[in-house]
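Enquirer: fold the following for me, if possible:
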Amino acid sequence: AEATIVVGRRKLKDALPDLENLLLNSDNQDVSAAAAAAILQIESGPTDKAKMILNNMLDEQDDTTQATALKRLIYNDQILTNDKLKSFLNHNSEIISNVALNIAEKRKDESLVPAIISNLSIAQTSIQARQTLKSFSEELINEQFKQLIESNATSRKLRLGIIRTLREYPNEDSIELLISQLDNNDQDIYNTIVESLLAIARVNPINENKQNQIADEINTIAEKVYTLNECLNMLPDDEHKFLMEDHLNNEIQNTLPTLLKLGVLDVPETPIETYIHTIKSGDPSKLPFLLEFFENVFSKNEREVINPLIEQLPLDERSKIGNLHFKSMPTNFNQKLIESVYSPNKWESAIALDYLLISNKMDVIKSLDWQKVPASNANQELITRRIQKNGANLDFIPPERFKLDTEIISMYSTLEKTIILKSVDLFKSIPAENLSRVAQITDEVTFDANSPIFAEGDYGDSLFIVVDGNVRIHKGTQELAMLGKGTCLGEMALLDDEPRSADATVTEDSTLFKIEQEGFYEVMGSQSDIMEGIIKLLTGRLRVANEKMMGK
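Expert: As a prediction, the model looks like this:
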């Protein structure tokens, strides 16, 4: 096919009979498309037939066929007009979009830039989109990025994609644009802004005037971490705290590294990522080294605020330090719960409302302004379950905002499923907020005593988690293991697509969670933390196995 394209590019008319033969008789779509493109470049022979074949391929519903035709139309702007190319750049198939991006890179037409940028919001096309944007001037790209970043209509995913890409444009315009966005309340976006600033600073140092603004940000983010710590300190130590505690701890773990990165923007060559990894490891023997290092990086005032967040201190001691440095620390836990219920973050809102409901804080619930409560599916589910399971009178909740579903609902709520999943080794390192996506695709299944779950040799397309009861793992009559509540089975078959390696049979009436492979892969593809957590677990298992082998 490539040789055929060369023939067309060189306009070798003597080859037309061979090209026509390939066009009409080849069973290979790529060869046929290449022959059609070559004939059109030579501008002789069966050009109408060539156009028809390429247009038909472009109109096919099959992604591979469309992509094959696209690859052969890079420089043919009569069949593949720029308007048509834009539609392929915005195609819902990443295969098509990536081919279109490759064509746009070669055409270098500025009218294509907005459609190219739109691909930064998609993980599967963002790398090629960044490469394609390099074909255009930095001034043009910075201007387009500025318009989109400052527009409220820009989606969160595209905003994140642009912020990540800005690190590849280490100029003053990028620094200015990123710093202007440091007021963003979305912590993930904020973290990405700081990461991009650090990457740019390592190439183009940030000037002193902007460093003063960054110093204010250090103070703001430190106050946020101390506020989260204070909420943890006020959280009652009871059976209802699990999701709130997980959320607060995760927010601290998500915010603290960004605080440290802000602190080294004036000394960007600092290997701060290594030090953050050391902090996360929790190794107390390395703490003195870290504190000594920070003494040479942070100012005295910054050290007084940052060091206690790194040191392994009790909550109440850290609380005293927070109140010493910041005068607006929270003092009323119920008020913080109300603020969380109003949060645009659907997860934070749901777990705060859940906490109020299961703690039976009806006085606080009745004081809520329900016009400010997000009418999310999670919140609707919570209220519906409360009515159905407990018969609670929630007439004060406006039905026009919370249209409660009166159908019979499942035994476990999404939040309850999340808590159970969090107890399983496979998922325990994953934040509950991300794990709730897995909970949404988790089905409840019940088995009578002595019923088989699966047999050795069965296709492994799902994993199971024991919620209640016991499961016997065996090969024929030989028992290999007995699994109880909170254990996982079938995860290896789910991940490696191999047949089941043993039989699984319940020994008593049991309830299990079932997670199908297809849904699980979709969630993993959209939630990198879930994929990272599973990779860490599997590599940990491999490391343990290697250590055992080395010890023999």
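
Enquirer: going forward, measure contacts between C-alpha atoms and count neighbours the same way
Expert: Noted.

Enquirer: what does stretch 337-352 contact?
Expert: 243-244, 247, 353, 356, 364, 368, 372-374, 376, 378-379, 382, 415, 433 (C-alpha atoms under 8 Å, 6 or more residues apart in numbering).

Enquirer: same thing but at 10 Å, please
Expert: By C-alpha atoms under 10 Å, 6 or more residues apart in numbering, the surrounding residues in contact with stretch 337-352 are 186, 231, 241-244, 247-248, 333-336, 353-357, 364-365, 367-382, 415, 432-434, 436.

Enquirer: equivalent analysis for stretch 520-533, please.
Expert: Here stretch 520-533 has contacts from 122-124, 425-431, 434-435, 437-438, 440-442, 462-463, 494-495, 517, 519, 534-536, 538-539, using C-alpha under 10 Å, 6+ apart.

Enquirer: in that stretch, what counts as buried?
Expert: The neighbour-count check on stretch 520-533 (16 or more other C-alpha atoms under 10 Å) flags F520, V523, M524, D529, I530, M531, G533 as buried.

Enquirer: repeat that for stretch 510-521.
Expert: S510, T511, L512, F513, K514, I515, E516, Q517, F520.

Enquirer: in helices, which of those appear?
Expert: Q517, F520 (DSSP state H).

Enquirer: whichever of the contacts of stretch 520-533 end up buried, select them in ChimeraX.
Expert: Entered in ChimeraX, the line below selects the buried ones among the contacts of stretch 520-533, by 16+ other C-alpha under 10 Å:
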select :124,426,427,428,429,430,431,434,435,437,438,440,441,442,462,463,494,495,517,534
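
Enquirer: out of the contacts of stretch 520-533, list just those in helices.
Expert: Checking the contacts of stretch 520-533 against DSSP H, those in helices are 123-124, 434-435, 437-438, 494-495, 517, 519, 534-536, 538-539.

Enquirer: show me the shaky parts of the protein.
Expert: Residues of the chain that meet the criterion pLDDT under 70 lie in 391-392, 403-409, 526-527, 537, 541, 545, 548, 551-552.

Enquirer: and S26, what does it touch?
Expert: E20, S32, A33, A35.

Enquirer: in helices only, show me the residues you listed.
Expert: Taking DSSP H, the ones among these that sit in helices are E20, S32, A33, A35.

Enquirer: right, and the third one touches R72 too?
Expert: Yes - in this structure, A33 is within contact of R72 by C-alpha atoms under 10 Å, at 6.5 Å.

Enquirer: so for the two, which sits in the more crowded spot?
Expert: A33 (29 against 23; other C-alpha atoms under 10 Å).

Enquirer: name the next helix or strand following the lengthiest helix in the chain along the chain.
Expert: Taking DSSP H as the criterion, the chain has its longest helix at helix 208-234. Proceeding N to C from helix 208-234, the next assigned helix or strand is helix 242-263, under DSSP states H and E.

Enquirer: compute the inter-axis angle for that following helix and helix 432-439.
Expert: Inter-element angle recorded for helix 242-263 and helix 432-439: 130 degrees (by axes from the mean of the first three to the mean of the last three C-alpha atoms, to 10 degrees).

Enquirer: circling back to that earlier point, any shared contact partners between A33 and R72?
Expert: A1, I5, L54.

Enquirer: in ChimeraX, select just the buried ones from these.
Expert: Those of the shared contacts of A33 and R72 that count as buried under 16+ other C-alpha under 10 Å are selected in ChimeraX with:
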select :1,5,54
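
Enquirer: so which of the shared contacts of A33 and R72 belong to helices?
Expert: I5, L54.

Enquirer: let's have the shared contacts of A33 and R72 in TSV, adding distance to A201.
Expert: TSV is the format used below for these (distance: C-alpha to C-alpha, whole Å):
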residue	distance to A201
A1	46
I5	45
L54	48
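
Enquirer: and the furthest pair within the ones in helices among the contacts of S26?
Expert: Greatest spatial distance among the ones in helices among the contacts of S26 (C-alpha to C-alpha): E20 and A33, at 11.3 Å.
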